[in-house]
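K.L.:
Need coordinates for the below:
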Amino acid sequence: MTQAHPRISKAVIPAAGLGTRFLPATKATPKEMLPVVDKPAIQYVVEEAVSAGLDDVLMITGRNKRPLEDHFDRNYELESALQKKGDASRLAKVQESSDLATMHYVRQGDPRGLGHAVLCAAPHVGHEPFAVLLGDDLIDPRDPLLQRMIEVQEQHGGSVIALMEVAPEQIHLYGCAAVEATAEATAEGDVVRISGLVEKPDPADAPSNYAIIGRYVLDPHVFDILRKTEPGRGGEIQLTDALQ
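P.N.:
Numbering: from 1, shown residues only. Next up, the predicted model:
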């Protein structure tokens, strides 16, 4: 009899970065709060988690990230003003973000890399598989990527990493995966086994042109590995190193 894997219900969203690539726009505003059309970028990420059935969201924040917490909290003064105006449409939009999910927050403290940010989630996640969503990659809401990753993890166990083919000359911008075909890959069409990971390789040394994008469904044993992982590229604790 096959042992059922526990249902995945928790999402971790690292959001402690300084956003230096977007300066000066991020000098006083977290990059996650920069608008994309009519919503801040971070709301799309939370909506993606909720659409995949993850209703328990932990955000890893840092200094100057209070606007993130405020955005997903109730704003009674604003809601009252809109209600008095009879502006039901805008009132619904304001309340939408605070009703999305059960939100939790923890401060990373020192910016010691993505691996350390994920490790900060250990007390909240416990011994359950969990998803990690990076705000740097926005996924089209019509793409059920995360839901598919959860299905694969629940079927096979282990950790599941989203990959995307990129031009070989662009692979140095990403974490890169060495992959091999499996029986499951042949049958399911979209699943391969990862045999190795390397962070931002020189194109000449890259094992493939499969780039890691910012969606992971992780086995909780990754926390034990992260606790022992030494700082790597950039002096930070890399999640890629721990997964490797």
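K.L.:
do you know how far residue 30 is from residue 80?
P.N.:
Distance, residue 30 to residue 80, by Cβ to Cβ, to the nearest Å: 26 Å. All C-beta spots, glycine's among them, are computed from the backbone N, C-alpha and C.
K.L.:
Revised request: answer the last question for residue 150.
P.N.:
Computed as Cβ to Cβ, the residue 150 to residue 80 distance reads 39 Å.
K.L.:
So between residue 30 and residue 80, which is more surrounded?
P.N.:
residue 30 (25 against 11; other Cβ atoms under 10 Å).
K.L.:
Burial check on residue 76, number of neighbours?
P.N.:
8.
K.L.:
Heading C-terminal from the lowest-mean-pLDDT helix or strand in the chain, find the next helix or strand.
P.N.:
In the chain, no helix or strand scores lower on mean pLDDT, DSSP states H and E than helix 183-188, which sits at a mean of 58. Once helix 183-188 ends, the next helix or strand along the chain (criterion: DSSP states H and E) is strand 193-199.
K.L.:
Buried residues, that following strand. List them.
P.N.:
194, 197-199 (16 or more other Cβ atoms under 10 Å).
K.L.:
mean confidence for that strand?
P.N.:
Mean pLDDT, strand 193-199: 87.
K.L.:
Give me the helices and strands touching it, please.
P.N.:
If you count contacts as 3 or more Cβ pairs under 8 Å, 6 or more residues apart in numbering; DSSP states H and E, strand 193-199 packs onto strand 175-180, helix 239-243.
K.L.:
Which of the ones you listed sits closest to residue 165?
P.N.:
Between residue 165 and these, the tightest spacing by Cβ to Cβ is seen for strand 175-180, at 10.6 Å.
K.L.:
what packs against that closest one?
P.N.:
Going by 3+ Cβ pairs under 8 Å, 6+ apart, strand 175-180 lies up against strand 160-165, strand 193-199, strand 210-218.
K.L.:
How about the contacts made by residue 21?
P.N.:
Listed by Cβ atoms under 8 Å, 6 or more residues apart in numbering, the contact partners of residue 21 are residue 31.
K.L.:
rerun that using 10 Å as the cut-off
P.N.:
31, 136 (Cβ atoms under 10 Å, 6 or more residues apart in numbering).
K.L.:
so where do the strands sit in the chain?
P.N.:
For the chain, the strands defined by DSSP state E cover 10-14, 35-36, 39-40, 56-61, 102-107, 130-133, 160-165, 175-180, 193-199, 210-218.
K.L.:
what about those, which gets the closest to residue 229?
P.N.:
Across these, the minimum distance to residue 229, taken as Cβ to Cβ, is reached by strand 193-199, at 12.0 Å.
K.L.:
outside of the closest one, which residues touch it?
P.N.:
Against strand 193-199 from outside (Cβ under 10 Å, 6+ apart): 114, 156, 158-161, 163, 171, 174-185, 205-208, 210, 212, 232-234, 236, 238-244.
K.L.:
at 8 Å what do you get?
P.N.:
161, 175-182, 184-185, 205-207, 212, 232-233, 238, 240-241, 243-244.
K.L.:
Next, the buried residues of stretch 133-150.
P.N.:
Neighbour-count burial for stretch 133-150 flags 133-135, 139, 145-146, 148-150 (criterion: 16+ other Cβ under 10 Å).
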